[in-house]
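Chemist: sharing a model prediction with you, sequence too.
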Amino acid sequence: MGEDVRPGTAEAAGRDDRARRRRTALTGNEAVALAMRQVEPDVVAAYPITPQTDIVQFFASFVADGRVKTEFVTVESEHSAMSAVVGASAAGARAMTATSANGLALMWEVLYIASGSRLPIVMPVVNRALSAPINIHCDHSDAMGARDSGWVQLWSEDAQEAYDNVIQAVRIAEDPRVLLPVMVCYDGFIISHALLNLEVLTDDEVKEFVGTYRPDRSLLDPDRPVTVGPLDLYDFYFEHKRQQAEAMAAAREVIPEVAAAYAALTGRSYGMMEAYRLADAEAAVVVLGSAAGTARFVVDRLRREGRKAGLLKLRVFRPFPASEMAEALGGLRAVAVMDRCDGFSAAGGPVFNEVRSALYGLDGVRPDAAGRPQGRAPNGPPLVVNVVYGLGGRDVDPEDIEAVFDLLFRRIEGEEPRGEDGAGVLSRSLRPSPNTEVHYLGVRE
Amino acid sequence: MTVREGAGWKEIPRGGLILEPGNAVAYETGDWRTFRPVWHEDRCIQCLLCWVYCPDAAIEVKDGKVTGVDYRYCKGCGICATECPDKAHALEMIREEEAGADG
């Protein structure tokens, strides 16, 4: 573990002196374990799984060395890990765990119990492909599968953002308007095991930012007894799900508020998404995770060549920022949505389907009284294609992303989709319907 | 806080929390029942084993003697009839539809 900032030192003393704040080289998992140490939750219950393992290992050493007062529960499975943090959270504790891939899959049942019981648990998810066949490397099929489990999902481009997201996640989860669990997703190995020179807060700054958790209800409060997780049939279950939908909608307000407070502290600003060189772009890719950095590099390269390329990096997938998405993409001509997961719908990946849905019905072609096109999509909504990439850790290079932009510019120029769109790396596409193209980037025919 | 029957989603505690202690009495679980125990006072030897074993406190006892079964809460599990000594056989399980309109 890299050197980190200790409270009470000269470095930690001046909280407004950003120059004194420590820059340090950490892997993604080290950065996240550091954030967890600085948050110092009351309870951590976790089970190791590649590539999350060293989070648990580092955190266990913090406990063993007396650097945190956290109750650390070693469990026999991820189902137990999630169950233990559900119990701890219901008892009024600030509780965290962490997992990847098959571990997340084993938690499935309890994920819904955490969200349905409105427990503000925070969980780093180090994204890894699901078995079978067994693969330990990055893709997003684990967290994408859990997209409807009622958890807020923050996605991270690098170790800095993963660190920043963990700290913000605590405040988002515990906001009384939200009270939902939060997953902090970041790419296995690419982020979790790669070193990045990043800026970390002092322990005191983190503790002050997350504050003291004061739950309004706790199982351990004998003066105000409460029952958690009772039977709830056709008479009230639906009302409780409606509350959950409202809480997730409220998270759309809370996440930017927390981001603004975090930006005031750190100077690092995060929204629901990042629109990069989109204002005058004709073609853009939508990316979440580490590939956003690669895409940004490619956008800059294309811009130098005079091509109007842009990037939309999605940071928050749950709640889904549909209106911001429509605002950011509505004026473009063509968009490629990158999915590091094949949802096996045979009609495109999960991010693609939600992004394209957000763009449906944009008021574009109906002229106003003066005969001018109006609305956010004056030329009609953009063409949206799907690109599935990077499954099981398949690398994605700048040249791969450039091939995606080439496809978009060819479509803008009027080229019709054919069965095979080959700039080499884009394989034969699925055409589930006349207006849907699902391309596979970097797979061999 | 008592949850009113038919209350809307804005009025009820979040996530199914029950804030009122000791409210199980308000939930009449007897309507799940498929079989019901029928108590025959003439055969009962007042050993109180049924009262001891009933998981739902549905055996009614007054002045130390069994007086009947509280069908508002009896789920019809049949434990009372199983535990009732064979020689007494004072509790008999019958199908709900055989109980007739008096149930």
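Modeler: Looks like it arrived, so ask away.

Chemist: domain-wise, how is chain A divided?
Modeler: According to automatic domain parsing, chain A comprises the domains A:19-199+A:232-266, A:273-441.

Chemist: next, A:M338: secondary structure please.
Modeler: Secondary structure assignment for A:M338 (DSSP: H, G, I helix; E, B strand; the rest coil): strand.

Chemist: what's around the residue of the stretch 51-200 of chain A found nearest chain B, how many residues?
Modeler: The nearest approach of the stretch 51-200 of chain A to chain B comes at A:R118, 3.7 Å away (CB to the nearest CB). Bear in mind the C-beta positions are built from the backbone N, C-alpha and C, glycine included. For A:R118, the neighbour count with other CB atoms under 10 Å in any protein chain shown is 25.

Chemist: what's the answer for the one 10 residues further on, then?
Modeler: With neighbours defined by other CB under 10 Å, the count for A:R128 comes to 31.

Chemist: swap in the one 10 residues further on?
Modeler: A:C138 is surrounded by 30 other residues when neighbours are defined as other CB under 10 Å.

Chemist: what's the helix or strand for it?
Modeler: Counting by DSSP states H and E, no helix or strand carries A:C138.

Chemist: A:A283 touches A:D406, doesn't it?
Modeler: No: distance between A:A283 and A:D406: 9.5 Å, which falls outside the contact criterion (CB atoms under 8 Å).

Chemist: more neighbours, these two?
Modeler: When A:A283 and A:D406 are compared for neighbours, A:A283 comes out ahead with 26 against 17, by other CB under 10 Å.

Chemist: got the confidence number for the more buried one?
Modeler: You'll see A:A283 listed with a pLDDT of 97.

Chemist: cool, A:R366 as well?
Modeler: Confidence score, pLDDT, at A:R366: 50.

Chemist: close to chain A: what parts of chain B are there?
Modeler: By CB under 8 Å from any CB of the partner chain, the residues of chain B that approach chain A are B:3, B:5, B:7-9, B:12, B:14-19, B:21.

Chemist: kindly recompute the last result at 6 Å.
Modeler: B:W9, B:I12, B:R14, B:G15, B:G16, B:L17, B:I18, B:L19, B:P21 (CB under 6 Å from any CB of the partner chain).

Chemist: the first one: what secondary structure?
Modeler: Three-state assignment for B:W9 (three-state DSSP): coil.

Chemist: in stretch A:127-146, what's buried?
Modeler: A:127-130, A:135-146 (16 or more other CB atoms under 10 Å in any protein chain shown).

Chemist: inside strands: which ones of those residues?
Modeler: Per DSSP state E, strands hold the following members of those: A:N127.

Chemist: residue contacts, residue 68?
Modeler: By default, I'm working from chain A. A:V68 makes contact with A:R37, A:E40, A:F62, according to CB atoms under 6 Å, 6 or more residues apart in numbering or on different chains.

Chemist: that answer is for a different chain, and I need it for chain B
Modeler: So B:G68 contacts B:W39, B:E60 (CB under 6 Å, 6+ apart).

Chemist: so where is chain B shaky, pLDDT-wise?
Modeler: B:1, B:101-103 (pLDDT under 70).

Chemist: all strands of it, in order?
Modeler: Using DSSP E, strands in chain B cover B:35-39, B:59-62, B:65-69, B:91-95.

Chemist: partner strands of the first one, with direction?
Modeler: Next to strand B:35-39 in the sheet, as set by DSSP bridges, lie strand B:91-95 (antiparallel).

Chemist: and what of the second one?
Modeler: When pairs are called by DSSP bridges, strand B:59-62 turns out to pair with strand B:65-69 (antiparallel).

Chemist: CA atoms only for the partner strand, dumped as PDB, please.
Modeler: Extracted in PDB, the C-alpha atoms of strand B:65-69 (Å, rounded to 0.1, in the frame of the first residue of the first chain):
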ATOM      1  CA  LYS B  65     -57.900 -24.800  31.700                       C
ATOM      2  CA  VAL B  66     -58.200 -25.000  27.900                       C
ATOM      3  CA  THR B  67     -61.400 -23.400  26.700                       C
ATOM      4  CA  GLY B  68     -60.900 -23.500  23.000                       C
ATOM      5  CA  VAL B  69     -59.000 -22.400  19.900                       C
END
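
Chemist: buried stuff in it?
Modeler: By 16+ other CB under 10 Å, the buried positions in strand B:65-69 come out as B:V66, B:V69.

Chemist: so how far is it off the chain centroid?
Modeler: 12 Å (CA atoms, centre = their mean, to the nearest Å).

Chemist: cool, stretch B:78-95 as well?
Modeler: The answer for stretch B:78-95 is 15 Å, by CA atoms, centre = their mean.

Chemist: B:P13 is in contact with the residue of the stretch 51-200 of chain A closest to chain B, correct?
Modeler: No: A:R118 lies out of contact with B:P13 (CB atoms under 6 Å); the separation is 9.6 Å.

Chemist: run a quick neighbour tally on residue 80.
Modeler: Defaulting to chain A. Counted with other CB under 10 Å, A:S80 comes out at 18.

Chemist: actually, chain B is the one I wanted.
Modeler: When neighbours are counted by other CB under 10 Å, B:C80 comes out with 26.

Chemist: before we move on, what about the one 5 residues further on?
Modeler: Look at B:P85: counted by other CB under 10 Å, it has 11 neighbours.

Chemist: how near is it to chain A?
Modeler: Distance, B:P85 to chain A, by CB to the nearest CB, to the nearest Å: 34 Å.

Chemist: pick out the residue nearest the middle of chain B.
Modeler: The C-alpha lying nearest the average C-alpha coordinate of chain B belongs to B:C74 (CA atoms, centre = their mean; 1.9 Å).

Chemist: touching, that residue and B:T29? I think so.
Modeler: No: contact criterion CB under 6 Å: B:C74 and B:T29 do not qualify, at 8.2 Å.

Chemist: can you map out the helices along the stretch 201-350 of chain A?
Modeler: Along the stretch 201-350 of chain A, the segments classed as helices by DSSP state H, counting those that start in this stretch run A:203-210, A:237-266, A:291-304, A:322-329, A:350-359.

Chemist: show residues contacting the fourth one.
Modeler: The list of residues contacting helix A:322-329 from outside it, by CB under 6 Å, 6+ apart, reads A:M272, A:M273, A:A275, A:L278, A:L312, A:V335, A:A358, A:L359, A:L362.

Chemist: just give the closest residue to the fourth one, not the sequence neighbours.
Modeler: Distance criterion CB to CB, 6 or more residues apart in numbering or on different chains; nearest residue to A:L278, sequence neighbours excluded, is A:G310 at 3.9 Å.

Chemist: among the strands of chain B, which is the most enclosed?
Modeler: strand B:35-39 (a mean of 20; mean count of other CB atoms under 10 Å in any protein chain shown).

Chemist: that older thread, from A:G306, how far off is the residue nearest to the residue of the stretch 51-200 of chain A closest to chain B when sequence neighbours are not counted?
Modeler: Nearest residue to A:R118, sequence neighbours excluded (CB to CB, 6+ apart): B:G15, at 3.7 Å. B:G15 sits 54 Å away from A:G306, going by CB to CB, to the nearest Å.

Chemist: just A:P215 next, same as before
Modeler: 56 Å.

Chemist: check A:S117 too.
Modeler: A:S117 is 54 Å from A:G306, by CB to CB.

Chemist: neighbour-wise, which of the two wins?
Modeler: Just comparing A:S117 and A:G306: by other CB under 10 Å the higher neighbour count belongs to A:S117, 21 against 6.

Chemist: understood, closing this out.
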